[in-house]
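J.: Fold the following and give me the result.
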Amino acid sequence: MAFDAKRVSWREWLGLGAGLLALATLFFPWTVLTADTATPDVRDAFATLPHDDVVRSAWHSDFFSWFPPFVLLLAGLAVVLFGQLRKVRASGLPHLWLVAGLGAFLLMIIGWTTLDWVFDSDQRAFLDAAGVVINPGVGRYLALLFALVSIAASILDIRAARTESRQPRRRS
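T.: Coordinates of the predicted model:
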């Protein structure tokens, strides 16, 4: 059977959109250093640092930053490409999508809790002594939002698949 974009449900398009937007967040700030509580000398020195040393994208962070958006994208691609096939849907594609979304969400939470591990212990001690704080950037927030959107769409798709499975089969 050939791919037909008209047969792709809005839930599946939403899953792909969430994956694509999560992928776009990789280029946003994921880790941001701030020196609000530091001494004036430290703040002045901090202001002279290159932008890439103060604000890091997911590419310059850790595995828990760049990997989860790829999981969301792959799940979105899978449901758009294979979600039209009744046998694949009945075999658990919506459930696989949910597991992928929850896995990506969990990896993002782990990345959030280990945010300061991007720096080694000496760097963390130095930053702490200088009054520099390691904060999550807007990319982390957006990626987390898109993971939640993907999870919600997958739950709606599971409910729709359950309804589809209860309908009698049509003979072709």
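J.: tell me the pLDDT at V8?
T.: With respect to pLDDT, V8 scores 89.
J.: And the contacts of the lengthiest strand in the chain?
T.: The longest strand of the chain (DSSP state E) is strand 29-34. Residues outside strand 29-34 that contact it (C-beta atoms under 8 Å, 6 or more residues apart in numbering): 46, 53-58, 60-61, 65, 115, 118, 127, 132-140. Any C-beta I mention is one placed from the backbone N, CA and C, and that applies to glycine too.
J.: Following element in sequence after whichever strand or helix holds D44, please.
T.: Assigning secondary structure by DSSP states H and E places D44 in helix 40-47. Using DSSP H and E, the helix or strand that follows helix 40-47 in sequence is helix 51-54.
J.: distance between that following helix and the chain's centre?
T.: Distance, stretch centre to chain centre, for helix 51-54: 22 Å (C-alpha atoms, centre = their mean, to the nearest Å).
J.: What average pLDDT does that helix get?
T.: 81.
J.: what does the helix holding D44 rub up against?
T.: 33, 35-36, 38, 54, 130-132.
J.: Pull out the buried members of the residues you listed.
T.: Buried subset of the contacts of helix 40-47 (neighbour count, 16 or more other C-beta atoms under 10 Å): 33, 35, 38, 54, 130, 132.
J.: Can you tell me which of the residues you listed is closest to K6?
T.: Set against K6, the nearest of the buried ones among the contacts of helix 40-47 by C-beta to C-beta is V54 (47.4 Å).
J.: partners of the closest residue to the closest one other than its chain neighbours in the sheet?
T.: Spatial nearest neighbour of V54, excluding adjacent residues (C-beta to C-beta, 6 or more residues apart in numbering): L33 at 4.9 Å. Note on L33: beta-bridge partners by DSSP bridges are I134.
J.: start at 14 instead
T.: Let's use 14 as the start, then, which means that last one is L46.
J.: Quick check: buried residues in the longest strand of the chain?
T.: Buried residues in strand 42-47, counted by 16+ other C-beta under 10 Å: 42-46.
J.: and which of these is nearest to F16?
T.: Nearest member of the buried residues of strand 42-47 to F16, counting by C-beta to C-beta, is W43, at 34.0 Å.
J.: which secondary structure elements does the biggest helix by length in the chain contact?
T.: Across the chain, the longest stretch assigned as helix under DSSP state H is helix 151-179. With contacts taken as 3 or more C-beta pairs under 8 Å, 6 or more residues apart in numbering; DSSP states H and E, helix 151-179 sits against helix 23-37, strand 42-47, helix 76-95, helix 99-103, helix 106-126.
J.: Noted, bye for now.
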